[in-house]
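Peer 1: Could you work out the structure for the sequence below:
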Amino acid sequence: MESHVRTQLESLTLDPQRPLIVTDADEVVAYFIAGLERFLDRNGHWLDLKSFAITGNIRKRGSNEVSTQAEVKDLLAEFFNTDTELLDPVDGAADALRALNARAQVIVLSNVPPSAHAARQRWLTQHGMNYPLIANAGSKGPPLRFLEEHINAPVFFLDDLPPHLDAVAEHAGSVSLLHFIADKRLAALVAPAQNCHLHTSDWPVARAFIEARLESHGF
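Peer 2: Purely as a prediction, here's the structure:
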């Protein structure tokens, strides 16, 4: 785990006796791909959603030439600089988290570039999700292990990417894993993560699952 991630985690004020919900941002509380498509359209590109990936699927309008990895990196950097606060919130996310926050702590763990941390925090606040934001880098397994070690209550993790869910299963085995992909076009392109306990695109379903687990543990 990178030092700047650990510093953010250590700065959190968490109640060790209260359940914790750790949610990703993109495609869990924010419609990332739809926002990216709008950005690409403004910048002479389009996203060919033929697989669950970005690199290799961004094409140039007119020629349909596939953008190189370097070009995709530059486009994503510009996207985070200009459009982080323009994304649409996922339906039901704010309401579900608000209800769950009465019974559990909530934090957002997102692999957003550090330069976009403030913009993403503003976005969360604007859309009724003013929870602590951790700007992560790389695997989410080590951060969840850190959090699991500090919480003596159920911990839940929601993410759209199977590698992150699998990493958490490896590093923090007691965490309940929800494979959440808000964009149903994307959800149709990838199988449920091997280790997930729930696979869904709908916040009412995720909320009910978390509430049932909390109830079963006496919270």
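
Peer 1: And the contacts of the helix or strand Val106 falls within?
Peer 2: Applying DSSP states H and E as the criterion places Val106 in strand 105-110. For strand 105-110, contacts defined as CB atoms under 8 Å, 6 or more residues apart in numbering pick out 12, 14-15, 18-26, 29, 97, 100, 120, 124, 129, 131-136, 140, 143-144, 157. Bear in mind the C-beta positions are built from the backbone N, C-alpha and C, glycine included.

Peer 1: where does the protein have low pLDDT?
Peer 2: Residues of the chain meeting the criterion pLDDT under 70: none.

Peer 1: now the residue nearest the centre of it: how far from Trp46?
Peer 2: Nearest to the mean C-alpha position of the chain, by CA atoms, centre = their mean, lies Asp24 at 2.0 Å. As judged by CB to CB, to the nearest Å, Asp24 and Trp46 stand 25 Å apart.

Peer 1: how far out from the middle of the chain is the strand holding Val106?
Peer 2: 9 Å (CA atoms, centre = their mean, to the nearest Å).

Peer 1: Restrict that strand to CA atoms and write it as CSV.
Peer 2: C-alpha atoms of strand 105-110 as CSV (Å, rounded to 0.1, in the frame of the first residue of the first chain):
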residue,chain,number,x,y,z
GLN,A,105,-20.0,4.1,8.9
VAL,A,106,-19.5,4.8,5.2
ILE,A,107,-16.3,5.8,3.4
VAL,A,108,-15.5,6.0,-0.3
LEU,A,109,-12.4,4.2,-1.6
SER,A,110,-11.7,5.3,-5.2
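
Peer 1: Tell me which residues of that strand come out buried.
Peer 2: Gln105, Val106, Ile107, Val108, Leu109, Ser110 (16 or more other CB atoms under 10 Å).

Peer 1: Of those, which is the nearest to Ser51?
Peer 2: Nearest to Ser51, judged by CB to CB, of the buried residues of strand 105-110 is Ser110 at 22.6 Å.

Peer 1: Quickly list what the closest one is bridged to.
Peer 2: Beta bridges link Ser110 to Ala135 when assigned by DSSP bridges.

Peer 1: Tell me the spacing between the closest residue to Thr82 other than its chain neighbours and Gly92.
Peer 2: In space, Thr82 comes closest to Phe39 once its chain neighbours are excluded; the distance is 7.1 Å by CB to CB, 6 or more residues apart in numbering. Separation of Phe39 from Gly92 (CB to CB): 24 Å.

Peer 1: Also His217?
Peer 2: Distance, His217 to Gly92, by CB to CB: 24 Å.

Peer 1: okay, those two: which has more neighbours?
Peer 2: For the pair His217 and Gly92, the greater number of neighbours falls to Gly92 (16 against 10), based on other CB atoms under 10 Å.

Peer 1: which residues touch the nearest residue to the more buried one once chain neighbours are set aside?
Peer 2: Using CB to CB, 6+ apart and skipping residues adjacent in sequence, the residue nearest Gly92 is Trp203, 3.6 Å away. Applying CB under 8 Å, 6+ apart to Trp203 gives the contacts Val90, Asp91, Gly92, Ala93, Asp95, Ala96.

Peer 1: Tell me which two in those residues are the farthest apart.
Peer 2: Val90 and Asp95 (10.7 Å).

Peer 1: between the two, who's got more neighbours?
Peer 2: The neighbour comparison of Val90 against Asp95 (other CB under 10 Å) goes to Val90, with 24 against 13.
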